[in-house]
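[1] Please work out how this folds:
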Amino acid sequence: MVGDGLEGRLIVGQSGGCTHVMNASLSGIVSEARRSARVTAVWGARHGIEGVPSGNVVNLSGESEESLRRIGRTPAAALGSCRRKINDSEAAAAVERFRKNNVRFFIYIGGNDSADTAHRLALAARRADYGLNVLCVPKTIDNDLPLTDHSPGYGSAARFIASATADVGMETEAMRTCEPVKILEVKGRNAGWLAAASALAKRSERDAPQLVWPPEIPFSEEKFLRLVQRSLRELGYCLAVVAETVRDAKGRPVALRGRRPTTDAFGHPRLAGAAEYLCELLKEKLGVRARFDLPGSIQRMSSAHLSEVDLKEARACGAWAVRFALRGSSDGMIVMRRRRGGKYGVEFGCAPLSRIANSEKKLPAGFFNCRIMLPTTAFRRYALPLVGAGLPDHARLRTAPVWLRI
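    Below is the predicted model of the structure:
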């Protein structure tokens with residue numbers, strides 16, 4: 001049973017890899033929920049769904065607006081996050097606990113796997129004939145959630161990657177006589193949105209990156225080596241950005257060559273090491289010294305690279321989740337649709353979790369040029385409004401050669 005006249009407590013949880021704006025969504029949920037007389041209390045589940053069966057829940061009703069504002073600009077997950085896959089039996093038990101505590105609204109902040117958890121809870125409530133409105137607020141730096149133009153978390157992570165690539169590119173150019181190649185390995189799971197963002201500050205051929213390899217394009221050693229050689233020949237240096245999940249034509253992850261794979265609770269392989277392998281490949285095949293950088297979790301939550309657009313939209317997604325829940329929506333995720341024409345802006349809607357859970361939105365073919373292995377202008381038009389103004393615009397000396405007398 002799902003209804004628009006439900007009255008009771010609201011529980012919010014956070015799940016999956018943390019982002020810089022995950023708490024902005026939390027702040028938006030708490031602030032909006034407290035405006036409704038039908039929400040009798042706002043509770044927070046510690047460490048996502050893990051906090052429900054253990055009773056590890058806190059009361060958020062008394063948080064001041066100033067506290068929520070500051071929390072909203074703080075990275076990671078204020079309630080604690082988790083990577084927990086629940087089964088139907090656990091979902092049924094959670095719904096029974098909600099019934100005993102008159103919890104009528106459950107909002108989960110997370111990505112693909114969190115959508116699966118929320119979907120299971122919504123179905124369990126329906127089977128138990130209990131009025132519980134379950135909604136998801138999107139969260140992922142991977143930007144791979146279907147049915148939404150983009151996901152909160154992506155804009156800030158993309159801003160970090162674009163800035164880091166520009167900075168590391170200048171260092172690679174400066175060190176080209178001794179370390180002419182640098183490999184930057186970025187996250188993104190099976191979608192190349194984050195890898196493509198590395199080129200957002202690129203304004204000329206000399207600017208990094210010289211090539212980008214997203215997971216959608218099967219990796220070719222021959223093509224990779226050829227592109228690096230061309231960059232070395234024409235520029236004297238090369239910065240290549242690769243997704244950590246890049247795979248060869250047979251679907252084998254480059255990062256796992258010579259290694260045994262491990263997986264997380266949802267069965268996703270833990271991949272890291274693609275850049276290290278490529279450095280060894282360059283040394284073996286081209287005799288070139290190469291180094292690699294792994295930004296790791298800092299690309300998800302660097303405070304210095306917060307996108308104000310991302311922050312504003314993340315908070316709004318949280319607020320809209322409460323509004324949709326109060327209107328009777330359930331088993332759905334908040335999505336953003338870009339307004340057509342004119343100044344950038346989005347509208348908010350609610351899409352079925354059955355069409356989002358365990359699905360991925362890949363980088364469209366029109367956003368990437370496979371011939372030169374760089375994103376297209378169409379991708380730039382899509383992504384630049386999300387990262388905000390002020391990307392690096394590095395300068396070079398305007399020099400003329402001078403010969404010292406010997």
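[2] All the strands of the stretch 101-250 of the chain, residue numbers only.
    103-110, 133-138, 181-186, 211-213, 238-243 (DSSP state E, counting those that start in this stretch).
[3] hmm, I was thinking of the stretch 251-400 of the chain
    Using DSSP E, counting those that start in this stretch, strands in the stretch 251-400 of the chain cover 290-293, 332-338, 346-352, 368-369, 374-375.
[4] Using TSV, please lay out these together with mean neighbour count.
    C-beta: built from backbone N, CA, C; applies to glycine. Converted to TSV, the strands of the stretch 251-400 of the chain look like this (neighbours: other C-beta atoms under 10 Å):
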stretch	mean neighbour count
strand 290-293	19
strand 332-338	22
strand 346-352	17
strand 368-369	19
strand 374-375	23
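[5] Tabulate the CA atom coordinates of the worst-scoring helix or strand of the chain on mean pLDDT in CSV.
    Across the helices and strands of the chain, mean confidence by mean pLDDT, DSSP states H and E is lowest for helix 298-301: a mean of 92. Taking Å, rounded to 0.1, in the frame of the first residue of the first chain, the C-alpha atoms of helix 298-301 are listed here in CSV:
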residue,chain,number,x,y,z
ILE,A,298,40.2,12.1,-3.1
GLN,A,299,38.6,12.5,-6.5
ARG,A,300,35.3,11.8,-4.8
MET,A,301,35.5,14.5,-2.1
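[6] Mind pulling up the pLDDT for the residue most central in space within the chain?
    For the chain, the residue nearest the mean C-alpha position is Ile141 (0.8 Å; C-alpha atoms, centre = their mean). Note for Ile141: predicted pLDDT of 97.
[7] same thing with the one 5 residues further on?
    For Pro146, the model assigns a pLDDT of 97.
[8] I'd assumed Asn358 was in contact with it.
    No: judged on C-beta atoms under 8 Å, Pro146 makes no contact with Asn358 at a distance of 10.2 Å.
[9] the helices in the stretch 301-406 of the chain, which residues?
    With DSSP state H, counting those that start in this stretch as the criterion, the stretch 301-406 of the chain has helices at 308-326, 377-387.
[10] Can you give the domain ranges for this structure?
    The chain breaks down into these domains under automatic domain parsing: 8-152+304-355, 156-300+362-387.
[11] how about those in CSV, adding distance to Arg398?
    Putting the domains of the chain into CSV (distance: least, C-beta to C-beta, whole Å) gives the following:
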stretch, distance to Arg398
domain 8-152+304-355, 29
domain 156-300+362-387, 13
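[12] Could you check how far the closest residue to Arg323 other than its chain neighbours is from Leu211?
    Closest residue in space to Arg323, ignoring its immediate chain neighbours: Glu32 at 6.7 Å, by C-beta to C-beta, 6 or more residues apart in numbering. Distance of Glu32 to Leu211, computed by C-beta to C-beta, to the nearest Å: 44 Å.
[13] What values do phi and psi take at Thr40?
    Main-chain torsions, Thr40, degrees, to the nearest 10: phi -80, psi -20.
[14] Let me know whether Leu282 touches Arg291 as I believe.
    No: Leu282 lies out of contact with Arg291 (C-beta under 8 Å); the separation is 10.1 Å.
[15] Now do the shared contacts for those two.
    Val181 (C-beta atoms under 8 Å, 6 or more residues apart in numbering).
[16] who touches stretch 218-232?
    The contact list for stretch 218-232 (C-beta under 8 Å, 6+ apart) reads 180-181, 210-211, 213, 237-238, 240, 246-249, 254, 278, 281-282, 285-286, 288, 372-373.
[17] hmm, which of these are the buried ones?
    Buried members of the contacts of stretch 218-232, counted by 16 or more other C-beta atoms under 10 Å: 180-181, 210-211, 213, 237-238, 240, 246-247, 254, 278, 281-282, 288, 373.
[18] that older thread, please identify the most buried of the helices of the stretch 301-406 of the chain.
    Mean neighbours per residue, mean count of other C-beta atoms under 10 Å, is largest over the helices of the stretch 301-406 of the chain for helix 308-326, with a mean of 24.
[19] Let me know the angle separating that one from strand 133-138.
    170 degrees (axes from the mean of the first three to the mean of the last three C-alpha atoms, to 10 degrees).
[20] for helix 308-326, the distance to its chain's centre please.
    Averaged C-alpha coordinates place helix 308-326 at 16 Å from its chain's average position (C-alpha atoms, centre = their mean, to the nearest Å).
[21] Please apply the same query to stretch 128-135.
    Centroid displacement of stretch 128-135 relative to its chain, using C-alpha atoms, centre = their mean, is 28 Å.
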